[in-house]
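K.L.:
starting from these lines, generate the structure:
(chains A, B, C and D)
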2 protein chains.
Amino acid sequence: MIDYSVLIEKFKSIIKENGLKFTKQRELILKFLYEHEGHFTPEELNGELRKIYPDENIGIATIYRTLTLLEESGIVTSISFGTQGKKYEFGLKKHHDHLVCIQCGGITEFYDETIEKRQQEIADNFNFQMTDHIMKIIGICETCQKNKREKV
Amino acid sequence: MIDYSVLIEKFKSIIKENGLKFTKQRELILKFLYEHEGHFTPEELNGELRKIYPDENIGIATIYRTLTLLEESGIVTSISFGTQGKKYEFGLKKHHDHLVCIQCGGITEFYDETIEKRQQEIADNFNFQMTDHIMKIIGICETCQKNKREKV
DNA sequence: CTGACTGCAAAATCTTTGCAAAGAC
DNA sequence: GTCTTTGCAAAGATTTTGCAGTCAG
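P.N.:
The predicted structure is shown next:
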């Protein structure tokens, strides 16, 4: 995993290249995502940051703006949930895909070499310049299957 | 491809099973999706239906409600576009995945046996009961790549 | 007839934008 | 100092809901 100091330097250089500024808000949002595994909605992120930094009072608009910036910079990635918005996660880790539970909303990550290779081959066949790919396996996770059985 | 009369019967039996009613609006929406290949937002669907049936005046709420019903019935499927909502397509055709162009928003469909098989294996490994899966390859389609080169 | 369905408009979500004040460089 | 960023609140965009009248069975 990338070191935090390296990450910050990387972020600062992206910031500088684009004539932007390195602000406390941007740093705190990045830091949170770096330090917390998982997938967060902007609203959740807002809540967590308010808990950790009660004095900062980071506006929701800033969260949105920063997430967009971080995503464009390739530092975070997002996964969308139909109408219910997006969840963001720190993106500078090994590429992976997701198992999404429709019962509890839980997300499990996995990585599979076979699928990765095949995706590139498919894109090539269509002369499609792949910049990203998303794979979600949707269903019911082991825990929720058990809970269901116990209820019956 | 499923025959239209068979499709309607199928829909009617789902309707009946659930104590619902078979209405003109529901039929017209289903008919449109059956007859038109492609992926439509609720808003687009609304516009198209208004063009074809200027006298019907189907409300946008009905479109949403019907699409939800059709999706729950397994007759249509949806693909979500981050913040920008969902697109729906007729779903009773061979399963396939999508290539989505970030430039023009165009969608190309493909089907790959290797990927299908591997997805099931992965779900099994996690004791995950897969009900669906989504795969999107995101990038720039052949046409948009060409247009870009021409502009330069 | 009865209960489901519809269109309308209002409400609810989620996200973006305009602006004056504050902050980074 | 200059130009970007921020928080706030208002505006937008998309989707859902409440309701009275309408329609299917």
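K.L.:
CA only for contacts and neighbour counts going forward, please
P.N.:
Will do.
K.L.:
and the residue of chain A closest to DNA strand C?
P.N.:
residue A:85 (3.4 Å; C-alpha to the nearest atom of the strand).
K.L.:
that residue: neighbouring residues, count only.
P.N.:
17 (other C-alpha atoms under 10 Å in any protein chain shown).
K.L.:
please apply the same query to the one 10 residues further on.
P.N.:
In terms of burial, residue A:95 registers 11 neighbours under the definition other C-alpha under 10 Å.
K.L.:
which ones are touching the closest residue to it other than its chain neighbours?
P.N.:
Nearest residue to residue A:95 in three dimensions, chain neighbours excluded: residue A:111, at 7.0 Å (C-alpha to C-alpha, 6 or more residues apart in numbering or on different chains). Neighbouring residues of residue A:111 by C-alpha atoms under 8 Å, 6 or more residues apart in numbering or on different chains: A:95, A:96, A:97.
K.L.:
closest one of the residues you listed to chain B?
P.N.:
residue A:97 (9.8 Å; C-alpha to the nearest C-alpha).
K.L.:
tell me the pLDDT at the closest one?
P.N.:
In this model, residue A:97 is scored at 90, pLDDT.
K.L.:
so how far is residue A:77 from it?
P.N.:
According to C-alpha to C-alpha, to the nearest Å, residue A:97 stands 11 Å off from residue A:77.
K.L.:
for residue A:45, same thing?
P.N.:
For residue A:45 relative to residue A:77 (C-alpha to C-alpha), the value is 14 Å.
K.L.:
just residue A:142 next, same as before
P.N.:
26 Å.
K.L.:
show me which of those two is the more surrounded one.
P.N.:
residue A:77 (19 against 13).
K.L.:
phi and psi next, for the most centrally placed residue in chain A.
P.N.:
The residue lying closest to the centre of chain A (C-alpha atoms, centre = their mean) is residue A:89, at 2.0 Å. Dihedral angles of residue A:89 (phi, psi; degrees, to the nearest 10) stand at phi -140, psi 160.
K.L.:
wait, doesn't it sit right on residue A:74?
P.N.:
No. Using C-alpha atoms under 8 Å, residue A:89 makes no contact with residue A:74, being 11.0 Å away.
K.L.:
can you give me the helices in chain A?
P.N.:
Along chain A, counting by DSSP state H, helices occupy A:4-17, A:24-35, A:42-52, A:60-72, A:113-125, A:142-151.
K.L.:
what's in contact with the fifth one?
P.N.:
Identification of contacts with helix A:113-125 by C-alpha under 8 Å, 6+ apart yields A:129, A:130, B:99, B:114, B:115, B:118, B:137.
K.L.:
spell out which parts of chain A neighbour DNA strand C.
P.N.:
A:21-24, A:41-43, A:60-61, A:64-65, A:68, A:83-86 (C-alpha under 7 Å from any atom of the strand).
K.L.:
buried subset of those residues as a PyMOL selection?
P.N.:
Buried residues within those, by 16 or more other C-alpha atoms under 10 Å in any protein chain shown, are selected in PyMOL with:
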select buried, chain A and resi 41+42+64+68+85+86
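K.L.:
between the residues of chain A next to DNA strand C, which is nearest residue B:9?
P.N.:
residue A:83 (30.1 Å; C-alpha to C-alpha).
K.L.:
go ahead and confirm the closest one touches residue B:81.
P.N.:
No. Look at residue A:83 against residue B:81 with C-alpha under 8 Å: they stay out of range, at 9.0 Å.
K.L.:
show me what contacts residue A:96?
P.N.:
So residue A:96 contacts A:109, A:110, A:111, A:112 (C-alpha under 8 Å, 6+ apart).
K.L.:
could you do residue A:128 as well?
P.N.:
Contacts of residue A:128 by C-alpha under 8 Å, 6+ apart are B:139, B:140, B:141, B:142.
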